[in-house]
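Undergrad: got a structure for you, letters missing:
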């Protein structure tokens with residue numbers, strides 16, 4: 001019997017000796033790993049370990065902070081993000097969902113339609129299709145389909161967070177980054193969003209920064225542990241939780257001895 005070779009994983013993101021600074025303060029130092037296409041890549045670690053700074057650098061949000069700089073390379077689809085001239089085009093391919101839902105002062109419909117309109121889509125029928133598709137993908141359509149022209153800010157906190165996901169998806173990103181999305185969301189809604197992420201993984205790559213280690217265990221294919229500006233471990237998630245890890249502090253963290 002001839003063995004069939006497993007397909008080689010394609011890297012969506014490659015991080016090579018990345019160091020991030022705010023002035024003289026080092027937020028993240030000498031980090032290297034890859035994020036594979038169509039996986040959920042979890043990042044766990046206590047506060048001030050460099051997790052959010054890492055996401056900001058991927059999306060070139062360092063450009064908004066004159067005190068922030070980075071060295072090393074982040075390659076998205078093989079291209080170093082520091083060399084990308086069209087940063088706005090880069091951000092359209094990399095969606096971000098922040099810890100607290102930020103509803104624009106627009107209707108539910110216009111929240112989702114904003115990015116396609118800015119990209120030049122003017123056809124109302126096409127916009128209708130995009131809005132419905134994104135709201136369905138965010139598991140929100142059935143709850144809002146009869147009030148699409150109501151203000152998005154009037155939705156509940158959990159609904160606003162799913163609206164934020166729908167808005168990010170309206171850009172048709174290749175990579176979706178979520179930064180502790182559960183902070184302002186009730187447990188039931190958290191589980192609904194987790195179901196959404198499991199489905200989305202079939203289409204896009206997801207980076208999930210979470211302060212809930214069990215959420216990473218439920219969702220992530222592989223997980224990295226950040227501590228005090230260093231990446232101490234990267235491993236398949238179940239191995240990180242139950243197997244041999246590179247640094248004993250990883251085991252202490254996932255078992256709740258500190259956090």
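TA: On my side now, so go ahead. Everything numeric in this text was worked out from a predicted model, so none of it was measured. Numbers count the residues shown, from 1 in each chain.

Undergrad: residues in contact with residue 116?
TA: Residues near residue 116 by CB atoms under 8 Å, 6 or more residues apart in numbering: 126-127, 130, 170-171. (C-beta placed from N, C-alpha, C; glycine too.)

Undergrad: number of nearby residues for residue 252?
TA: As a burial measure, residue 252 scores 14 neighbours (other CB atoms under 10 Å).

Undergrad: Any stretches of the stretch 101-250 of the chain with poor pLDDT?
TA: 103 (pLDDT under 70).

Undergrad: SS state for the closest residue to residue 75 other than its chain neighbours?
TA: Spatial nearest neighbour of residue 75, excluding adjacent residues (CB to CB, 6 or more residues apart in numbering): residue 14 at 4.3 Å. Here residue 14 is recorded as strand under DSSP: H, G, I helix; E, B strand; the rest coil.

Undergrad: Wait, residue 14 touches residue 31, no?
TA: No: contact status for residue 14 versus residue 31: not in contact, 11.5 Å apart, counting by CB atoms under 8 Å.

Undergrad: In TSV, list the contacts of residue 116 along with neighbour count.
TA: Formatted as TSV, the contacts of residue 116 follow (neighbours: other CB atoms under 10 Å):
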residue	neighbour count
126	12
127	18
130	21
170	27
171	19
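
Undergrad: so of those, which ones are in helices?
TA: 126-127, 130 (DSSP state H).

Undergrad: Show me the helices in the stretch 1-150 of the chain, by range?
TA: Taking DSSP state H, counting those that start in this stretch to define them, one finds helices in the stretch 1-150 of the chain at 51-58, 87-93, 108-118, 124-137, 141-144.

Undergrad: right, I mislabeled it, should have said the stretch 151-259 of the chain
TA: Counting by DSSP H, counting those that start in this stretch, the helices of the stretch 151-259 of the chain are 157-169, 187-200, 213-219, 237-242, 248-254.

Undergrad: Of those helices, which is nearest residue 146?
TA: helix 157-169 (13.6 Å; CB to CB).

Undergrad: List the buried residues for that closest one?
TA: Using 16 or more other CB atoms under 10 Å as the burial criterion, the residues of helix 157-169 that qualify are 158-169.

Undergrad: of the ones in helices among the contacts of residue 116, closest to residue 95?
TA: Within these, the smallest distance to residue 95 is 14.1 Å, found for residue 130 (CB to CB).

Undergrad: Excluding covalently adjacent residues, which one is nearest to the residue nearest in space to the middle of the chain?
TA: Centroid-nearest residue in the chain: residue 177, 1.2 Å away (criterion: CA atoms, centre = their mean). Nearest residue to residue 177, sequence neighbours excluded (CB to CB, 6+ apart): residue 207, at 4.6 Å.

Undergrad: count of neighbours near residue 218?
TA: 16.

Undergrad: so it sits right up against residue 197, yeah?
TA: No: applying CB under 8 Å, one finds residue 218 not in contact with residue 197, separated by 9.7 Å.

Undergrad: Rounded mean pLDDT for stretch 42-54, please.
TA: On average, the pLDDT along stretch 42-54 is 95.

Undergrad: now stretch 66-73
TA: Stretch 66-73 carries an average pLDDT of 94.

Undergrad: What is the most widely separated pair among the contacts of residue 116?
TA: The widest separation within those (CB to CB) is 14.7 Å, between 126 and 171.

Undergrad: returning to that earlier point: please render the contacts of residue 116 as CSV that adds distance to residue 184 to the earlier fields.
TA: CSV is the format used below for the contacts of residue 116 (distance: CB to CB, whole Å):
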residue, distance to residue 184
126, 32
127, 28
130, 26
170, 21
171, 22
